[in-house]
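J.: need a 3D model of the following:
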Amino acid sequence: MEYSKLISITGMSGLFELVGSKTDGAIVRGLEDKVTKFVSSRVHNFSHLESIEVFTIRENVNLVDVFAAMEVSAEILPSEKDPKAVKEYFTKVYADMDFDRVYASDMKKMVKWYNLLKANDVALKLSATEETEATAEAEA
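T.: Purely as a prediction, here's the structure:
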């Protein structure tokens, strides 16, 4: 499973793999329950994980950068049900995060999503096209 095919859907818990798309929605497979279903774009909004950014005290970073910091950290992953522990965890793991603009619910979601990604052996890397664009912008 590729990180570039994963999406978040408003109003639905968890992460989904984009299996196919139609003009009025998408066919998705849940990472938790492995159920494939059609989701209407008239009711829900879709966000690719690659396009999600996190507020920091400097420039915004891609969500995959936060996941990478979580992966290399020696800190024990807190329960997503304890907002105080989650905030303490991110102050140690990703201190540059702007805690005034990143809500506790967002941090809890990051912990839950990270656990889902690890449980499904998803490689935490952006697609090649985005990496090429980022390199080109850095050289310019």
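J.: next, the buried residues of the biggest helix by length in the chain.
T.: Secondary structure of the chain read by DSSP state H shows that its longest helix is helix 104-119. The neighbour-count check on helix 104-119 (16 or more other C-beta atoms under 10 Å) flags 107-114, 116-117 as buried. In short, each C-beta sits where N, CA and C put it, glycine included.
J.: and for stretch 9-23?
T.: Applying 16+ other C-beta under 10 Å to stretch 9-23 flags 9, 12, 15-18 as buried.
J.: can you list these in TSV and add pLDDT, distance to R101 and secondary structure?
T.: Output for the buried residues of stretch 9-23, formatted as TSV (pLDDT from 0 to 100; distance: C-beta to C-beta, whole Å; DSSP: H, G, I helix; E, B strand; the rest coil):
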residue	pLDDT	distance to R101	secondary structure
I9	96	23	strand
M12	94	24	coil
L15	96	23	coil
F16	97	26	strand
E17	96	29	strand
L18	96	28	strand
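J.: from these, which single one is nearest T56?
T.: The shortest approach to T56 among those belongs to L15, at 22.4 Å (C-beta to C-beta).
J.: which residues touch the nearest residue to that closest one once chain neighbours are set aside?
T.: Ranked by C-beta to C-beta, 6 or more residues apart in numbering and with sequence neighbours excluded, the top spatial neighbour of L15 is L31, at 4.7 Å. Going by C-beta atoms under 8 Å, 6 or more residues apart in numbering, L31 touches 6, 14-17, 116-117, 119-120.
J.: quick one: which two of those are the most distant?
T.: Farthest pair in these, by C-beta to C-beta: F16 and A119, 14.3 Å.
J.: do I have it right that N60 meets S51?
T.: No: counting by C-beta atoms under 8 Å, N60 does not reach S51; the two are 11.5 Å apart.
J.: that older thread, reformat the buried residues of helix 104-119 as JSON lines; add distance to F90.
T.: Converted to JSON lines, the buried residues of helix 104-119 look like this (distance: C-beta to C-beta, whole Å):
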{"residue": "M107", "distance to F90": "5"}
{"residue": "K108", "distance to F90": "10"}
{"residue": "K109", "distance to F90": "12"}
{"residue": "M110", "distance to F90": "8"}
{"residue": "V111", "distance to F90": "9"}
{"residue": "K112", "distance to F90": "13"}
{"residue": "W113", "distance to F90": "13"}
{"residue": "Y114", "distance to F90": "11"}
{"residue": "L116", "distance to F90": "18"}
{"residue": "L117", "distance to F90": "17"}
